[in-house]
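Asks: Here's my sequence, what's the structure:
(chains A, B, C and D)
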Protein chains: 2
Amino acid sequence: MRDPDPNGQARRHSRADIVRAALQLLDDEGLPNLSMRAIADRIGVQVSALYWHFRNKQTLLAQVSERLLESGTIDSDAAGDIESIAVNFHERLLAYRDAAELVSSSLALGLITLPARPLIHDAAVRAGLEEQGATIAADTIVHFVIGFTFHQQQRMNADSAGVAIHETATMTVADIGSQGDDFRAGLRLITAGIRATVAESRTA
Amino acid sequence: MRDPDPNGQARRHSRADIVRAALQLLDDEGLPNLSMRAIADRIGVQVSALYWHFRNKQTLLAQVSERLLESGTIDSDAAGDIESIAVNFHERLLAYRDAAELVSSSLALGLITLPARPLIHDAAVRAGLEEQGATIAADTIVHFVIGFTFHQQQRMNADSAGVAIHETATMTVADIGSQGDDFRAGLRLITAGIRATVAESRTA
DNA sequence: ACCTGAACACCGTTCAAGT
DNA sequence: ACCTGAACACCGTTCAAGT
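Replies: Okay, here's the model as predicted:
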């Protein structure tokens, strides 16, 4: 029924199995429905079984966050410019329902680190910023990307639930399409600030 | 025992009373402990009584968000520059425990508007940005302020809980003091971007 | 090593019924 | 108009016990 492992034991579920199932469930049902019981149901196990694999719900969710972030870190990012790294980060968050909120809380609890952060930092250094300035730039961009995507995904949920009787109802196709443009425009505002800061430090 | 209202009825609790109690409770116990039962307990009433005053928990929390934001909108903000408006907004969020997270979720659900947003928008127009650019600038700054403060308050919670055995333990007094500086530095990066964008549009 | 079953102390929300 | 009491369908977490 199930592959035995080398020593012939049963080995019913690995940590990775559970994280994968939880990620699936997140995308299908959204963060509010991602309960320990729902995850346990998904893999056909009792809730309490999850507590053999994970200390608590937050650490399980942190590993889900990590998995959803790591999956597609593109090689070229390591040498890319700030804007493309941020766009890539944004796209990865958009790939799963409620990902921004999930990542935001794991991050706030200090349970994960963002692969994009050092990439942006280094790109900022390459752009001419010093250590300290690059750290602030990376944090600013990370806050922007997560905040923007959080808001964006919440609107997506509201729209798909049809709860939007008010202004959202008047949103045209052009408005929806402009969200991606707004993201890039916000990003460019920050990168323009970085370039201006670099230029200023050179004339000083 | 209790002031009767003009028509001699009992009038036990107004909406404003409940919101005030909830705001108190938020500051004392934090957002995770701000349950409907805890709020009801605080004012000496059954949980179900709250549902006569509010449709559900989210709308109650939205009114708490509004109250915590409105209380100190300074007159000079209306004509101030972007940085001082943002600093004022930041300070108001810092005035109550977990305020950034609370406001973030009320905002995402579309249940509140931020007083700071039109102020920043208008200040951006005054700085030379056009309508569309000013909207994007306001959103970018709002995302930054909320994201930064959310993260900051979560760290404050972790610290006060003494959960921080890892790096936070090595945080010096200078590090703590530098958080305010980091906020201003991030803000200045964005305002530098605004100035650069304005300057660029004038040479074009 | 990995999981079951049952329990504990909670949640948000609804609704008939009281005054 | 404003609130009680009780119930419903959930939560996260713990723990003895099984295999």
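
Asks: Could you use CA atoms for every contact and neighbour count after this?
Replies: Fine.

Asks: Which residues are in contact with A:R67?
Replies: A:V19 (CA atoms under 8 Å, 6 or more residues apart in numbering or on different chains).

Asks: Next: A:L111.
Replies: A:59, A:62.

Asks: ok, it to A:V64 distance?
Replies: 11 Å (CA to CA, to the nearest Å).

Asks: Then A:A95?
Replies: From A:A95 to A:V64 the distance is 13 Å (CA to CA).

Asks: Between those two, which has more neighbouring residues?
Replies: A:V64 (24 against 12; other CA atoms under 10 Å in any protein chain shown).

Asks: Can you read off the pLDDT for the more buried one?
Replies: pLDDT recorded at A:V64 is 98.

Asks: Leaving out the residues flanking it, which one is nearest to it?
Replies: A:V19 (5.5 Å; CA to CA, 6 or more residues apart in numbering or on different chains).

Asks: And chain A, what are its domain boundaries?
Replies: A:1-54, A:58-203 (automatic domain parsing).

Asks: Comparing those domains by mean pLDDT, which bottoms out?
Replies: Among these, domain A:1-54 scores lowest, at a mean of 86.

Asks: Is it positioned near DNA strand D?
Replies: Yes - part of domain A:1-54 sits near DNA strand D under the criterion CA under 7 Å from any atom of the strand, namely A:33-38, A:47-49, A:51.

Asks: Tell me the residues of chain A that contact chain B?
Replies: A:108-109, A:136-137, A:139-140, A:143-144, A:146-148, A:150-151, A:154-155, A:158, A:182, A:185-186, A:189-194, A:196-197 (CA under 8 Å from any CA of the partner chain).

Asks: nearest spatial neighbour of the closest residue to chain B within chain A, skipping sequence neighbours?
Replies: With CA to the nearest CA as the measure, A:G193 is the residue of chain A nearest to chain B, at 3.4 Å. Excluding its sequence neighbours, the residue lying closest to A:G193 (CA to CA, 6+ apart) is B:G193, at 3.4 Å.

Asks: where's that neighbour, which helix or strand?
Replies: In the assignment (DSSP states H and E), B:G193 maps to helix B:173-203.

Asks: just to revisit the earlier point, may I have the residues that are in contact with the residue nearest to A:V64?
Replies: A:60, A:63-64, A:67.

Asks: try 10 Å this time
Replies: A:V19 makes contact with A:25, A:39, A:60-68 under the criterion CA atoms under 10 Å, 6 or more residues apart in numbering or on different chains.

Asks: tell me the SS of it?
Replies: helix (DSSP: H, G, I helix; E, B strand; the rest coil).

Asks: Roughly how far does it sit from DNA strand D?
Replies: Going from A:V19 to DNA strand D by CA to the nearest atom of the strand, to the nearest Å gives 14 Å.

Asks: Around DNA strand D, pick out the residues from chain A.
Replies: So chain A meets DNA strand D at A:33-38, A:47-49, A:51, A:55-58 (CA under 7 Å from any atom of the strand).

Asks: List buried residues within those.
Replies: Among the residues of chain A next to DNA strand D, those scoring as buried are A:34, A:36, A:38 (criterion: 16 or more other CA atoms under 10 Å in any protein chain shown).

Asks: and which of those is nearest to A:E131?
Replies: Closest approach to A:E131 among these (CA to CA): A:L34, at 39.3 Å.

Asks: List phi and psi for that closest one.
Replies: The phi and psi torsions at A:L34 (degrees, to the nearest 10) take the values phi -90, psi 70.

Asks: Quick one: residues contacting it.
Replies: A:22-28, A:61.

Asks: let's see 7 Å
Replies: A:25-26 (CA atoms under 7 Å, 6 or more residues apart in numbering or on different chains).

Asks: With A:A95 instead?
Replies: Contacts of A:A95 (CA under 7 Å, 6+ apart): none.

Asks: in the helix holding B:G193, what counts as buried?
Replies: Buried-residue list, helix B:173-203, by 16+ other CA under 10 Å: B:182-198.

Asks: got it, and stretch A:120-131?
Replies: Burial within stretch A:120-131, assessed by neighbour count using 16+ other CA under 10 Å, is assigned to A:120-125, A:127-129.

Asks: Keep only those that also lie close to DNA strand C.
Replies: Within those, nothing lies near DNA strand C by CA under 7 Å from any atom of the strand.

Asks: Narrow those residues to those in helices?
Replies: Among the buried residues of stretch A:120-131, the residues falling in helices (DSSP state H) are A:120-125.

Asks: TSV please, covering the domains of chain A and showing distance to B:R12.
Replies: Listed next are the domains of chain A as TSV, based on distance: least, CA to CA, whole Å:
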stretch	distance to B:R12
domain A:1-54	34
domain A:58-203	33
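
Asks: Just say which of those domains is most tucked in.
Replies: Ranked by average neighbour count under the criterion mean count of other CA atoms under 10 Å in any protein chain shown, the domains of chain A are headed by domain A:58-203 at a mean of 18.

Asks: ends of that one, how far apart?
Replies: Span of domain A:58-203 from end to end, CA to CA: 48 Å.

Asks: same check, this time on stretch A:46-60
Replies: The first residue of stretch A:46-60 is 16 Å away from its last residue (CA to CA).

Asks: Other residues contacting that stretch?
Replies: In contact with stretch A:46-60 (CA under 7 Å, 6+ apart) are residues A:15, A:36-37, A:40.

Asks: so who does the residue nearest the centre of chain A touch?
Replies: Centroid-nearest residue in chain A, with CA atoms, centre = their mean: A:L93, separated by 4.0 Å. Contacts for A:L93 (CA under 7 Å, 6+ apart) come out as A:99-100.

Asks: same thing but at 10 Å, please
Replies: A:65, A:68-69, A:87, A:99-103, A:145-146, A:149-150, A:153.

Asks: Distance check, A:N157 against DNA strand C.
Replies: 16 Å.

Asks: same thing with A:H13?
Replies: 4 Å.

Asks: host element of that residue?
Replies: Using DSSP H and E, no helix or strand contains A:H13.

Asks: who's in contact with it?
Replies: A:43, A:45, A:49-50, A:53.
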